[in-house]
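Q: Test case, fold it:
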Amino acid sequence: MTLPGTTLALDIGGTKMLAALVEGSAVVETFGMPTPSSGGPKDWLEALFAQVAPWHGRYDRVGVAVTGIVDDGHWSALNKKTLDIPDRFPLTETISALTALPAFAANDAQAAAWGEHRFGAGAGGDMIFLTISTGIGGGVILDGRLLQGIAGHFGLLRVQDFEHAAASDSATEDHISGNWIAGMAAGRRPGATARDVFEAMDGGERWAEEIVALSARRAALLCRNVQLAFDPPRIVIGGGIGLAPGYLERVEACLADVPQRLRPKPFPARLGDKAGVVGIADLAKNQRDNERGSAT
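A: Numbers count the residues shown, from 1 in each chain. The predicted structure follows:
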């Protein structure tokens with residue numbers, strides 16, 4: 001027998017997958033595992049559901065937040081360097097087949113934006129969410145509404161080096177994110193992860209400090225551009241890089257000389273790595289409630 005009001009929330013990213021049972025804003029139980037390096041989305045979902053099989057009967061709907069773009073329940077990659085998936089994978093259809101329950105899907109950063117808006121640092125108002133992690137994503141809340149589709153994919157904003165135009169049209173996230181940080185460290189410490197770079201920085205290694213400082217400086221510039229585009233009352237920053245000790249302080253220091261009226265107002269995400277599952281659970285609940293309302 002299913003428990004009404006409980007959502008199975010999934011958050012699938014380029015590095016890890018998280019499953020959670022969510023009631024309102026409360027995360028009741030979680031299970032995490034690395035995103036498999038082989039196979040495809042169906043294989044990953046089957047592996048995750050095999051691990052949470054004991055939860056069967058404890059939820060009555062499923063919400064899934066994924067990196068990339070979601071249109072009408074179909075999942076596609078926007079930056080295959082973050083997670084390489086086939087175009088328009090039938091995400092909600094596959095999950096419904098695995099669970100015999102309705103499923104709702106959204107981009108992971110958009111789901112996290114909604115979670116922070118409803119229960120976290122967004123304080124229920126208009127906001128921009130910016131997650132800096134393996135890649136960079138985001139979400140836009142305007143007039144209490146989450147913009148979906150490709151809205152908020154700030155990591156895909158283009159960067160152009162006009163001196164080398166033919167070779168340098170690339171995504172913003174490829175110059176800021178955890179993948180970029182790890183790539184920049186390869187010459188100093190082959191195989192290092194972004195976490196290793198932060199640990200090296202904390203240990204006083206200058207090369208690591210320079211990498212993190214450059215990432216933060218570019219993230220500050222991204223915040224300035226977002227502020228000019230939307231003029232939000234706050235920009236909430238999350239993600240493993242965005243919330244790493246000292247990172248947000250470096251971003252804020254880079255904004256100190258920006259005129260007050262133009263200066264972004266960054267806030268740390270309050271829900272941490274649970275923002276995605278809390279947000280997608282609430283969105284799935286809203287979707288289910290709307291469907292039930294339409295049927296009566």
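
Q: Could you list the domains of this protein?
A: As given by automatic domain parsing, the domain ranges for the chain are 7-111+273-295, 124-269.

Q: right, and the ones you listed - which one's nearest residue 118?
A: Residue 118 lies closest to domain 7-111+273-295 among the domains of the chain, at 5.6 Å (C-beta to C-beta). For the C-beta atoms, the positions are set from N, CA and C on the backbone; glycine is no exception.

Q: okay, and for the protein, where does confidence drop off?
A: Along the chain, the parts satisfying pLDDT under 70 run over 1-4, 79, 81-82, 160-168, 288-296.

Q: Which residue would you name as the spatial centre of it?
A: Closest to where the C-alpha atoms of the chain average out (C-alpha atoms, centre = their mean) is residue 109, at 3.3 Å.

Q: Shouldn't that residue be within a helix?
A: Yes: under DSSP: H, G, I helix; E, B strand; the rest coil, residue 109 sits within a helix.

Q: list the contacts for it?
A: Under the criterion of C-beta atoms under 8 Å, 6 or more residues apart in numbering, the neighbours of residue 109 are 67, 129, 131, 137-139, 152-153, 276.

Q: Nearest to residue 21, out of these: which one, please.
A: residue 276 (14.3 Å).

Q: if we can go back for a sec, redo the domains of the chain as CSV? Include distance to residue 118.
A: Below are the domains of the chain laid out as CSV (distance: least, C-beta to C-beta, whole Å):
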stretch, distance to residue 118
domain 7-111+273-295, 6
domain 124-269, 7
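
Q: closest one to residue 117 among those domains?
A: Comparing those by C-beta to C-beta, domain 124-269 comes nearest, at 4.7 Å.

Q: what about the helices in this structure?
A: Using DSSP state H, the helices of the chain run over residues 41-51, 91-99, 108-119, 178-185, 194-202, 206-230, 247-254, 275-295.

Q: Of those helices, which is nearest residue 147?
A: Checking the helices of the chain against residue 147 by C-beta to C-beta gives helix 108-119 as the closest, at 7.7 Å.

Q: Which positions within that closest one qualify as buried?
A: Neighbour counts over helix 108-119 (16 or more other C-beta atoms under 10 Å) mark 108-119 as buried.

Q: now do stretch 257-265
A: Neighbour-count burial for stretch 257-265, counted by 16+ other C-beta under 10 Å, picks out residue 264.

Q: nearest residue to residue 13 other than its sequence neighbours?
A: residue 67 (5.0 Å; C-beta to C-beta, 6 or more residues apart in numbering).

Q: so that neighbour sits right up against residue 135, yeah?
A: Yes: in this structure residue 67 lies within contact range of residue 135 using C-beta atoms under 8 Å: 6.6 Å.

Q: If anything else comes up later, I'll come back, but that's it for now.
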